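Participant: give me a model of this one.
(2 chains)
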Amino acid sequence: MNIIDVVINYGSVMVNAFKLTLILSFTSFPLGFLGGDSFNNVEPNIA
Amino acid sequence: MGGIALITLNLTSPRFLKMFLRIFVEIIRGTPTTVQLFFIYYALPVLGIKLDPFTSALPALSINSSVYQSEYLRTTLNSVPRTQWEASLSLGFTRLGSWLYILMPQVLRIAIPALTNELIYITKFSSIAYFVTLPELVCVSEVIGAKTFAYTEVYIVVACLYIAVAFVISEFMEYLYKKLSIQGLTMM
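Facilitator: Alright, predicted model coming up:
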């Protein structure tokens, strides 16, 4: 079985899994961004 | 919206709350993502909170990424001259207003390369969701590999997919960085 066979036979399964991977990462990032923003100490040191 | 609410909380928070956030950052940064994921998936049910694989992986990755992103933002905040903060306060901005309208646009612009790294990292780290049986790319490829014994071919395809995503993210963020950069202010 070569790469072309893998893509032809299991392409749709892999695309579904790929979508799940993208959903997971592209949801986690903005959530993390909002969280990270809130953890940030936004008070600079004013002498 | 949750982030905005939390920023407000942080801006007005007393010292002990800031210390608590600092301890939280150190704990999350000091433990592996896998441990955090296993904690959410296997330890929280003991406390009565049962989550499915996706809803376990999402907070694990988000919380982990948020801590790293907070450190990136903290570093870039230091690169903005503090006179910006002083000037905005003297012009009558509140602390929240100064952050949202004066400092944040500058900080985000500078932080884009670091955030690009983080976005690529999180895409790759999403593969650890395989450990809690989430049928994502690596999990599915393992199943296909076990069925066909064509591990080499399957993992070449998987690697190509990850590279493609990383490339698209990298190019998009580079475009964003150039688009948002101010002429004469940046090195590149």
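Participant: all contacts plus neighbour counts: C-alpha atoms, from now on.
Facilitator: Fine.
Participant: next up, identify which helix or strand the residue nearest the centre of chain B is on.
Facilitator: The residue lying closest to the centre of chain B (Cα atoms, centre = their mean) is B:S65, at 3.2 Å. Counting by DSSP states H and E, the element that carries B:S65 is helix B:53-79.
Participant: so that helix, near chain A or not?
Facilitator: Yes: Helix B:53-79 is in contact with chain A by Cα under 8 Å from any Cα of the partner chain, via B:54, B:57-59, B:61-71, B:73-74, B:77-78.
Participant: show me which of those residues are buried.
Facilitator: By neighbour count, with 16 or more other Cα atoms under 10 Å in any protein chain shown, the residues of helix B:53-79 next to chain A hold B:54, B:57-59, B:61-71, B:73-74, B:77 as buried.
Participant: if you rank every helix and strand of chain B by mean pLDDT, what lands last?
Facilitator: None of the helices or strands of chain B scores lower by mean pLDDT, DSSP states H and E than helix B:2-11, at a mean of 44.
Participant: could you report the neighbour count for B:V165?
Facilitator: Other residues near B:V165 number 16, with proximity taken as other Cα atoms under 10 Å in any protein chain shown.
Participant: same thing with A:L34?
Facilitator: 21.
Participant: next up, the contacts around the closest residue to A:T27 other than its chain neighbours.
Facilitator: Using Cα to Cα, 6 or more residues apart in numbering or on different chains and skipping residues adjacent in sequence, the residue nearest A:T27 is B:L58, 7.5 Å away. By Cα atoms under 8 Å, 6 or more residues apart in numbering or on different chains, the residues touching B:L58 are A:24, A:27-28.
Participant: look up the pLDDT of B:L58 for me, please.
Facilitator: Listed pLDDT for B:L58 reads 91.
Participant: pLDDT below threshold where in the chain?
Facilitator: If you meant another chain, say so; for now it's chain A. A:36-47 (pLDDT under 70).
Participant: to clarify, I was referring to chain B.
Facilitator: Ranges of chain B meeting pLDDT under 70: B:1-14, B:184-188.
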